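K.L.:
Turn this into a model:
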Amino acid sequence: MMTINTKLPVGRPREFDLDEAVRRAMQIFWDRGFHDASLPDLLAGMQLSKGSFYKAFGDKKSVFLRALEFYTDDGVRNVQEVLRSAPSPKAAIRNALVRYADLSSGKKGVRGCFGVLTAAEMLPGDPDIAEVIKRLFSRLQALFAATIAKGQAAGRNRQ
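P.N.:
Numbers count the residues shown, from 1 in each chain. All right, here's what the predicted structure looks like:
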């Protein structure tokens with residue numbers, strides 16, 4: 001009787017960094033949108049073969065959702081850092097809003113926000129995308145609300 005070791009991976013091991021491939025895909029989706037990003041565009045930009053793409057992600061929407069999650073996680077983390085690094089809650093909120101203004105103007109601003117562009121292209125018809133966008137804005141709202149509450153508490157403690 002032959003025994004099969006089910007703990008060994010099937011096929012060849014992955015020879016690329018999954019997170020880096022998703023970040024590359026994000027750039028393509030950001031530039032072209034979900035519908036206009038073709039599979040050949042993604043394969044070239046992600047530097048993957050068709051087989052590697054399908055084995056790692058399954059389909060275009062799965063990689064898009066992962067890219068959107070990366071973007072939203074990075075965005076929330078960046079806002080959190082700005083809000084935590086200021087000397088006061090008032091300065092923290094001002095710095096966060098100035099950061100948004102900087103990101104929305106000049107050469108950087110021409111590209112727009114990947115989250116907003118995604119919402120404009122995919123909502124209201126896609127519940128998966130809607131959930132990611134809703135979660136993004138809920139997380140940002142919670143960060144700003146906590147900073148405001150901290151400022152209010154500091155004001156009450158001074159009286």
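K.L.:
and residue 68, what does it touch?
P.N.:
Residue 68 is in contact with 26, 29, 114-115, 118, 129, 132, counting by CB atoms under 8 Å, 6 or more residues apart in numbering. From N, CA and C alone the C-beta is placed, and that goes for glycine too.
K.L.:
Likewise for residue 92?
P.N.:
82-86, 147.
K.L.:
which other residues reach the helix-or-strand element of the chain with minimal mean pLDDT?
P.N.:
Least confident helix or strand, the chain: helix 106-111 with a mean of 85, by mean pLDDT, DSSP states H and E. Contacts with helix 106-111, where a contact means CB under 8 Å, 6+ apart, come from 30-31, 102-103.
K.L.:
farthest-separated two in those residues?
P.N.:
Pairwise distances across the contacts of helix 106-111 (CB to CB) peak at 20.6 Å, for the pair 31 and 102.
K.L.:
Which one's more surrounded, those two?
P.N.:
residue 31 (14 against 11; other CB atoms under 10 Å).
K.L.:
related to what we said a few turns ago, tabulate the contacts of helix 106-111 (CSV), appending pLDDT, secondary structure and distance to residue 142.
P.N.:
Below are the contacts of helix 106-111 laid out as CSV (pLDDT from 0 to 100; DSSP: H, G, I helix; E, B strand; the rest coil; distance: CB to CB, whole Å):
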residue, pLDDT, secondary structure, distance to residue 142
30, 96, helix, 25
31, 95, helix, 30
102, 92, helix, 23
103, 90, helix, 20
